[in-house]
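1. for reference, the sequence and a predicted model appear below.
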2 protein chains.
Amino acid sequence: MTSPEGYDKYAFEPFAVTVDLAVLTLRAGTLQVLLVERGEEPYAGRWALPGGFVLPDESAEEAAWRELAEETGVTDASGLHLEQLRTYSEPGRDPRMRVVTVAFAALLPDPPVPHGGGDAAQAQWLRFDAVGPLAFDHDRILADAHERVGAKLEYTCLATAFCPPEFTLGELQQVYETVWGTPLDRPNFRRKVLATPGFVEQVPGAARLTGGRGKPAALYRAGGATALHPPLLRPTTEGRPR
Amino acid sequence: MTSPEGYDKYAFEPFAVTVDLAVLTLRAGTLQVLLVERGEEPYAGRWALPGGFVLPDESAEEAAWRELAEETGVTDASGLHLEQLRTYSEPGRDPRMRVVTVAFAALLPDPPVPHGGGDAAQAQWLRFDAVGPLAFDHDRILADAHERVGAKLEYTCLATAFCPPEFTLGELQQVYETVWGTPLDRPNFRRKVLATPGFVEQVPGAARLTGGRGKPAALYRAGGATALHPPLLRPTTEGRPR
DNA sequence: CGCATTTATAGTCGGCATGACTATTAGTCA
DNA sequence: TGACTAATAGTCATGCCGACTATAAATGCG
């Protein structure tokens, strides 16, 4: 029996509320996820998404930022992207007790040191496509995060969240190609990005020379825009699912 | 202090977990919301989104379906759309205690009777654009639901969830116009919808005559498709926000 | 009965975004 | 110096989309 108004202290079951983080980055041209190895049952020895309890005086968002800082060691939040994914609440998802988790997806530019403090459970970057079965329902959460990020690349400027402050258009294109798993035509990608006002702005007179072969590329910064109109759709493999 | 693994029974604060529903429908050409009037403090006399506690043995989704049935009186879930919006967890959002709510957006075709059982707190349909300040953070939840639905109309076939099993293209267009608050060009809308395979399929030899003036319109059913490619974008009021 | 009104449906036309492709430039490496 | 590599420039045809005109099929009023 639920009472729509006027809470009775004994009318509800208390739940544990946690946050779980799907932290993604691009390393060496591959999509990678930050994972921790579980030391105890259940799922001992399995990889799991980093996460933890929401404390009494913080929101889920605050808990997520805190956990993100703890696990990655990043100190300043600037340039990071963190967004709520959805909440997972199936009664049996944790065999020990009733745990409701608010999942987040986070995007980091490059590897910001594989780990943070002197914690026992080391967080590690693993290749996204090589993660075995994860603990709990974390496979599902991770898949949802990947799907969400891929979709948001289409109609937002989110891709720059994977890039360092200054980047080349080739690097930006790699973000799309790596997340979507599809090669893109370089001139067309370039044309589209530059034609979208506020997506990127060129750094005057700078070029990346970093040991690369070929013509040095111009450097760009993220512009002020957040949305892409019209969107940059994935190559249509016919009527796409979802 | 949070322990990433091995839960300590006293390491976390228990939360109350609820669901809140933003139930939308189209009545008389306007967007309407299902609301309940609060009888007790806090926010006594104010309108609030229907909702309730998540029970010990159910997921948030199951709780949302249960509440939806309780408040609207609908018996069969077919044709209804219910999707998780996001979770609201700010510590102060309920002055009485720590309540984390998982918000859902639901879409109904037409009015399925304003109410259900013989409950005291009657749920009522109110015009979306005429809702005053709601209780708690429900204004924010409702705004988020509206934004989400508007966005999903662009790239999914969600609009049919507002329509009865058989509908005319004019009615479908009204869904878009009402949710977006923008008039659309009728021939162009028609062309786009019919050109999208699986969006709608014509009911053979049926036409709606219902007291209307003008040429009777052909009837359509929702097709099998769920996604729209390419999307049906809102009229671009210049670089649109979010 | 006829004509204005209303709504659905059909079709046209130009612009622009996009996919596919070619060409040129500017570097590195052997 | 010359292959190789990658960035950038430009071309061209297709197709989608916004704006618009035209026709068809019903109602209702005089």
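-> Noted; the coordinates are in hand.

2. C-alpha only now, for contacts and for neighbours.
-> Fine.

3. pLDDT below threshold where in chain A?
-> Applying pLDDT under 70 to chain A flags the ranges A:1-12, A:111-121, A:206, A:209-211, A:237-242.

4. run a quick neighbour tally on the closest residue to A:Thr75 other than its chain neighbours.
-> Nearest non-adjacent residue to A:Thr75, counting by Cα to Cα, 6 or more residues apart in numbering or on different chains: A:Ala69, 6.4 Å away. Using other Cα atoms under 10 Å in any protein chain shown, A:Ala69 has 17 other residues around it.

5. what about the closest residue to A:Cys157 other than its chain neighbours, distance to A:Gly79?
-> Once flanking residues are discounted, A:Cys157 sits nearest to A:Thr226: 5.1 Å by Cα to Cα, 6+ apart. Separation of A:Thr226 from A:Gly79 (Cα to Cα, to the nearest Å) stands at 13 Å.

6. for chain A, what's the longest helix?
-> The helix that spans the most residues within chain A, counting by DSSP state H, is helix A:138-155.

7. tell me what that one is packed against?
-> Packing contacts for helix A:138-155, counted by 3 or more Cα pairs under 8 Å, 6 or more residues apart in numbering or on different chains; DSSP states H and E, involve strand A:16-27, strand A:81-88, strand A:99-108, helix A:169-180.

8. in its sheet, what does the helix or strand that the third one is followed by sit against?
-> It stands for strand A:99-108. Per DSSP states H and E, the first helix or strand lying C-terminal to strand A:99-108 is strand A:123-127. The pairing partners recorded for strand A:123-127 under DSSP bridges are strand A:30-37 (antiparallel).

9. contact partners of the strand it pairs with?
-> Outside strand A:30-37, the residues that touch it by Cα atoms under 8 Å, 6 or more residues apart in numbering or on different chains are A:22-26, A:44-50, A:121-129, A:178-179.

10. residue contacts, A:Leu172?
-> With contact taken as Cα under 8 Å, 6+ apart, A:Leu172 is in contact with A:159-160, A:163.

11. now do A:Val175
-> A:Val175 is in contact with A:26, A:159, A:162, counting by Cα under 8 Å, 6+ apart.

12. intersect the residues you listed with the contacts of DNA strand C.
-> Among the contacts of A:Val175, no residue lies close to DNA strand C (Cα under 7 Å from any atom of the strand).

13. break chain A down into its domains, please.
-> A:16-153, A:164-222 (automatic domain parsing).

14. the longest one and DNA strand D, are they touching?
-> No. Domain A:16-153 does not reach DNA strand D (Cα under 7 Å from any atom of the strand); its nearest approach is 12.5 Å.

15. give me the most central residue, chain A.
-> Centroid-nearest residue in chain A: A:Ala106, 3.2 Å away (criterion: Cα atoms, centre = their mean).

16. for it, give the beta-bridge partners.
-> Going by DSSP bridges, A:Ala106 is paired in beta bridges with A:Val23, A:Leu82.

17. now A:Arg208, which residues is it bridged with?
-> For A:Arg208, the residues forming beta bridges with it (DSSP bridges) are A:Ala217.

18. contacts only, for it.
-> Counting by Cα under 8 Å, 6+ apart, A:Arg208 makes contact with A:168, A:216-219.

19. quick check: residues of chain A near DNA strand C?
-> A:185, A:187-188, A:192, A:209, A:211-216, A:230-235.

20. in helices, which of these fall?
-> Short answer: these in helices (DSSP H) are A:187-188, A:192.

21. what's the closest of those to chain B?
-> A:Lys192 (15.3 Å; Cα to the nearest Cα).
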